[in-house]
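**Student:** I'll drop the sequence and a predicted model, then ask my questions.
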Amino acid sequence: SQYVYRFGGGVSDGGKGDKNLLGGKGANLAEMASIGLPVPPGFTISTEFCQVYYDEGRAFPQGLRDEVAKGIAHIEGITGKTFGDAADPLLVSVRSGARASMPGMMDTVLNLGLNDETVKGLAETSGDARFAWDSYRRFIQMYSDVVLELDHGAFEEALEIAKEDRGYYLDTELTADDLQALVAEYKALVEKQWDKPFPQDVHDQLWGAVGAVFGSWQSERAKVYRRLNDIPAAWGTAVNVQAMVFGNMGDTSATGVAFTRDPAKGDRAYYGEFLINAQGEDVVAGIRTPQYLTVAAREAAGAKPASMEEAMPEVYGELAKVFDLLETHYRDMQDIEFTVQQGKLWMLQTRSGKRTAKAALKIAVDMAEEGLITREEAVSRVEPQALDQLLHPTLDPKAIRDVLTKGLPASPGAASGMAVFDSDTAEKRAAAGESVILIRTETSPEDIHGMHAAKGILTARGGMTSHAAVVARGMGRPCVSGAGSIAIDAKAGVMRVAGREIRAGHIVTIDGTTGEVMAGAVPTVQPELSGDFGTLMTWADGVRRLKVRANAETPLDAKVAREFGAEGIGLCRTEHMFFDAARITAVRQMILAEDEAGRRVALDRLLPEQRADFIQLFEVMAGLPVTIRLLDPPLHEFLPHEEAEFAEVAKAAGVDVDVLKRRAAELHEFNPMLGHRGCRLGVTYPEIYEMQARAIFEAAVEVAAKSGDAPIPEVMIPLVGTRRELELMKQVVDKAAQAVFADMGRTIEYLVGTMIELPRAALMAGEIAEIGEFFSFGTNDLTQTTLGVSRDDAARFLTTYVERGIYAKDPFVSLDVEGVGQLIELAAERGRASRPGIKLGICGEHGGDPASIAFCEATGLDYVSASPYRVPIARLAAAQAAL
Ligand code: ADP
Ligand code: MG
Ligand code: MG
């Protein structure tokens, strides 16, 4: 089979449709070449080979070697240079590129093909010895790091010392002689660390680099990144080999990265950074402070160094045209890498740019209004999960801020937490439940776990496109980067700024929207949702079939849910109302009562309280369906623990403390999750469900009378496994309803149904639907009971399970469609067969998970129910599922 695909010089063996085969980078390089953009020629070794590479024990079969030789010949033919030729050498970059972009995760080697001979040829042909030696020292440094895996600190140190010795500040001040001397030092370092001289054979160099790129697919940091971003290990990476172009050939050369629109706010303005006389990595590595692309951006930032628009007006004009062309061609905002070699522009990469949720909304709405994409496309462009960033609190504008300094607003949102100076500690502290702000001079891919664990990220160096900024935006973490006035001593665990000291553990706040860094915690408020949010949600609602409800018990949650567009309540967990301090004693009295009479005394106390709760809830949800689950958890969850609590209950119930304690001990269960809970409580103590049903109907009638807009209670019986259970419980509920309607002289509509949360219930759904008027899939318990995995104990092994590919995702976060999904499909089918049109919904955590929502759409459920803050996410995901 074919593994090598060429691009450049009028040839494109692939195109943008070939991402799976060529990786994103390779496919887009081929595409750019095919639409006539200036792309240095090269070839891509396909992702298919990645699997072969691992299967063959990390070796290269002869067939591949032959194909690569042809690929090299292709580049040589176009550039007129020869790989390894001492007089006029061809240099290449070896670049990774997976299907999904994994910024900074995989390794790249530049300037490959240099050795002690070719460096002289490069100096000759370019007429620039400094450039040649600079390229050689960069190559050795990168190759030693990425391919030979030597300690890169030693190389950086040698470079620093070389500058210091000569009193230089910038890398660019090093002369050809300085660099030549540095190369000698580097080579000595390699020999010392590797016991072998730096490889001089350019083909050895090439295969070493190709192997390193394929090898990096299984690196620890790539694995972590894949896990966090749900990228399957089987995808593999491609390798791109491409003729070098040089941004480090003096002041008419440069390198840069750009976005066709602002990736933070979404404004329609070119956005980016560039560096004169530099090579690719320099911009993102934060080696020098990059310059702005446009005059407008430079002025807005109050920066001095000339923008590209000013320093290189012609090339800038050309670049701006390319931006527009790429945006129309790809019909999306693009993230671009370019290099200018002696006044000539070269395109090195394009891809759909990562953006904040705010920018995603604005860009989608703008592009639809510009006519570039349709409204449906706009709806499909915004990742539902990303909305999470917008729905959470920002700093209270009225709060006092103790501002320490200001950096770049690299990723929006605000966060407070304890200062932490390394990623391992960040991870540990976060796991212990603390909010942390990760503070680093700059971040690297090794910090990925710490960044994920942190509530926010602060760096002293690096621009808007630095590693920290890009990764934080992708993760939705607030980030302030390049806060140059802070000095960080990570070892000592201290940061100094504005004459003050922040030590590890001190609380700091960052505002990634303004760039401010503050001492102490700052209170937050709900953000105002932008007009774009409303517009896109309206478009989404226009295509959505699934209804979206919320899981809510309190009037406050219910209000938030309605503001976010909830169309009812899908799960009101009545036991949450029982924990209230004012009524817990009555609840305990009920639980610990010896007999029905004792329980009824306590229930009579609870009835008015519970009714008052429902009245408030129904007022918020007037006219909408409200699913109320009757008492579900094992009773012992409510038991007193402390002496004083026992005393209080004893007093209220008028019994002896010792009697209470004995009764509490009797309630102990070995496996409460499968014990005396759910409808089993209702079967053994029907008076509990009777009281709850009464409270529901009294409240509903009262609200209906007051507002004329009756809620539609859907009384839900939990943990049903048999038809008879539901039948008995429905009798209790119906009897209570009739009694209330008779007493109050008014009837309202209601339904009685059940949760499907036991495999038996799913299997017997046909029979159960003869009684139940609706089903709500309680997928938290259904997952537990189907997998035989306790949700509360799964943390110890589930991560390993996901890492080892046993489950693709945490089945408690994203529905196990293959397994649990079958039970849902089967229950839906059998339920509909015996009660056509039976109302079906889902109320587990999964109701807010986009992948699970797509499954619910496919199964034809009527609604999903999610926590209030996830309601907009569910609305958008439901729309995307319907498209
Ligand atoms: P990453 O995925 O980390 O961005 P890339 O393969 O895109 O890795 O390359 C790293 C840097 O090197 C980028 O700035 C890129 O523009 C630059 N680069 C890659 N190939 C070449 C080349 N052939 N000529 C000049 N610069 C290059
Ligand atoms: Mg890289
Ligand atoms: Mg790149």
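**Tutor:** Alright, I've got the coordinates. Ligands and ions are numbered 1, 2, ... in the order given.

**Student:** Quick one: name the residues of the chain near ligand 1.
**Tutor:** 40, 93, 95, 104, 108, 110, 242-245, 280-281, 337, 339, 348-349 (C-beta under 6 Å from any ligand atom). In this view, the C-beta of every residue, glycine as well, is placed from N, C-alpha and C.

**Student:** Out of these, grab the one that's most surrounded.
**Tutor:** residue 95 (27 neighbours; other C-beta atoms under 10 Å).

**Student:** Among the residues of the chain next to ligand 1, which one sits closest to residue 120?
**Tutor:** residue 244 (16.9 Å; C-beta to C-beta).

**Student:** Can you check the pLDDT for that closest one?
**Tutor:** At residue 244, the model reports a pLDDT of 98.

**Student:** could you say what helices and strands the helix or strand hosting residue 95 packs with?
**Tutor:** Here residue 95 sits within strand 92-98, counting by DSSP states H and E. Judged by 3 or more C-beta pairs under 8 Å, 6 or more residues apart in numbering; DSSP states H and E, the packing partners of strand 92-98 are helix 19-34, strand 109-112, helix 202-216, strand 237-243.

**Student:** so it versus helix 19-34, what angle?
**Tutor:** For strand 92-98 against helix 19-34, the angle by axes from the mean of the first three to the mean of the last three C-alpha atoms, to 10 degrees is 130 degrees.

**Student:** average pLDDT for strand 92-98?
**Tutor:** Mean predicted confidence for strand 92-98 is 95.

**Student:** What segments of the stretch 451-600 of the chain are helices?
**Tutor:** For the stretch 451-600 of the chain, helices defined by DSSP state H, counting those that start in this stretch occupy the ranges 467-475, 531-543, 555-563, 575-578, 584-592, 596-620.

**Student:** The stretch 1-150 of the chain too?
**Tutor:** 19-34, 47-55, 62-79, 118-126, 129-146.

**Student:** Quick one: closest of the ones you listed to residue 570.
**Tutor:** helix 19-34 (37.6 Å).

**Student:** and that closest one, what's its mean pLDDT?
**Tutor:** Per-residue pLDDT over helix 19-34 has a mean of 97.

**Student:** Any buried residues in that helix, and which?
**Tutor:** 19, 21-34 (16 or more other C-beta atoms under 10 Å).

**Student:** What's the per-residue pLDDT of residue 287 here?
**Tutor:** We have a pLDDT of 68 for residue 287.

**Student:** and whatever residue of the stretch 651-800 of the chain ends up closest to ligand 1, how many neighbours does it have?
**Tutor:** Taking C-beta to the nearest ligand atom, ligand 1 has its nearest neighbour within the stretch 651-800 of the chain at residue 799, 27.2 Å off. Neighbourhood size, residue 799 [other C-beta under 10 Å]: 12.

**Student:** tell me the domain boundaries of this protein?
**Tutor:** Structural domains assigned to the chain are 4-243, 254-355, 393-525, following automatic domain parsing.

**Student:** From residue 138, how far off is the closest residue to residue 77 other than its chain neighbours?
**Tutor:** Counting by C-beta to C-beta, 6 or more residues apart in numbering, residue 9 is the residue found nearest to residue 77 once chain neighbours are left out, at 7.2 Å. For residue 9, the distance to residue 138 equals 26 Å [C-beta to C-beta, to the nearest Å].

**Student:** More neighbours: which of those two?
**Tutor:** Per other C-beta under 10 Å, whichever of residue 9 and residue 138 has more neighbours is residue 138, with 23 against 17.

**Student:** The more buried one: what's it in contact with?
**Tutor:** When the contact criterion is C-beta atoms under 8 Å, 6 or more residues apart in numbering, the partners of residue 138 are 110-111, 248, 279.

**Student:** Low-confidence stretches in the stretch 201-350 of the chain?
**Tutor:** Where the stretch 201-350 of the chain drops to pLDDT under 70, the residues are 286-287.

**Student:** which stretches of it form helices?
**Tutor:** Here the stretch 201-350 of the chain has its helices, by DSSP H, counting those that start in this stretch, at 202-216, 220-229, 281-285, 295-301, 308-311, 313-330.

**Student:** Including distance to residue 608, could those helices go into CSV?
**Tutor:** Output for the helices of the stretch 201-350 of the chain, formatted as CSV (distance: least, C-beta to C-beta, whole Å):
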stretch, distance to residue 608
helix 202-216, 66
helix 220-229, 49
helix 281-285, 64
helix 295-301, 61
helix 308-311, 71
helix 313-330, 63
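
**Student:** between these, which one is nearest to residue 770?
**Tutor:** That would be helix 220-229 among those, by C-beta to C-beta, at 45.1 Å.

**Student:** The closest one vs helix 202-216, what angle?
**Tutor:** Using the same axes, to 10 degrees: helix 220-229 against helix 202-216 is 40 degrees.

**Student:** Just list what helix 220-229 packs against, helices and strands only.
**Tutor:** helix 448-453, helix 795-803.

**Student:** Could you tell me how many residues sit around the residue of the stretch 501-650 of the chain found nearest ligand 1?
**Tutor:** Using C-beta to the nearest ligand atom, the point where the stretch 501-650 of the chain gets nearest to ligand 1 is residue 512, with a distance of 22.8 Å. Other residues within reach of residue 512, judged by other C-beta under 10 Å, total 30.

**Student:** Can you tell me, leaving aside adjacent residues, what's nearest to it?
**Tutor:** Leaving aside its sequence neighbours, residue 512 sits nearest to residue 478 (C-beta to C-beta, 6+ apart; 3.4 Å).

**Student:** I'd like the average pLDDT over the helix or strand harbouring residue 165.
**Tutor:** Using DSSP H and E, residue 165 sits in helix 152-166. Helix 152-166 shows a mean pLDDT of 92.

**Student:** just stretch 58-65 next, same as before
**Tutor:** The pLDDT scores in stretch 58-65 average 94.

**Student:** For the worst-scoring helix or strand of the chain on mean pLDDT, buried residues please.
**Tutor:** Across the helices and strands of the chain, mean pLDDT, DSSP states H and E gives its lowest value to helix 281-285, namely a mean of 75. For helix 281-285, burial by neighbour count (16+ other C-beta under 10 Å) applies to 282-285.

**Student:** ok so, going back, winner for burial among the helices of the stretch 1-150 of the chain?
**Tutor:** Using mean count of other C-beta atoms under 10 Å, the stretch among the helices of the stretch 1-150 of the chain with the greatest mean number of neighbours is helix 19-34 (a mean of 25).

**Student:** Just want the residue of the chain that's nearest ligand 1.
**Tutor:** Relative to ligand 1, the nearest point of the chain is residue 280 (2.5 Å; C-beta to the nearest ligand atom).

**Student:** how about the closest residue to residue 645 other than its chain neighbours, what does it touch?
**Tutor:** In this structure, residue 645 finds its nearest non-sequential neighbour in residue 588, 7.4 Å apart by C-beta to C-beta, 6+ apart. Counting by C-beta under 8 Å, 6+ apart, residue 588 touches 638-640, 645, 649.

**Student:** residues near residue 498, how many?
**Tutor:** Residues within reach of residue 498, counting by other C-beta under 10 Å, total 11.

**Student:** Hmm, residue 483 and it touching each other?
**Tutor:** No: in this structure residue 498 lies outside contact range of residue 483 using C-beta atoms under 8 Å: 10.9 Å.

**Student:** which neighbours do the two share?
**Tutor:** residue 405.
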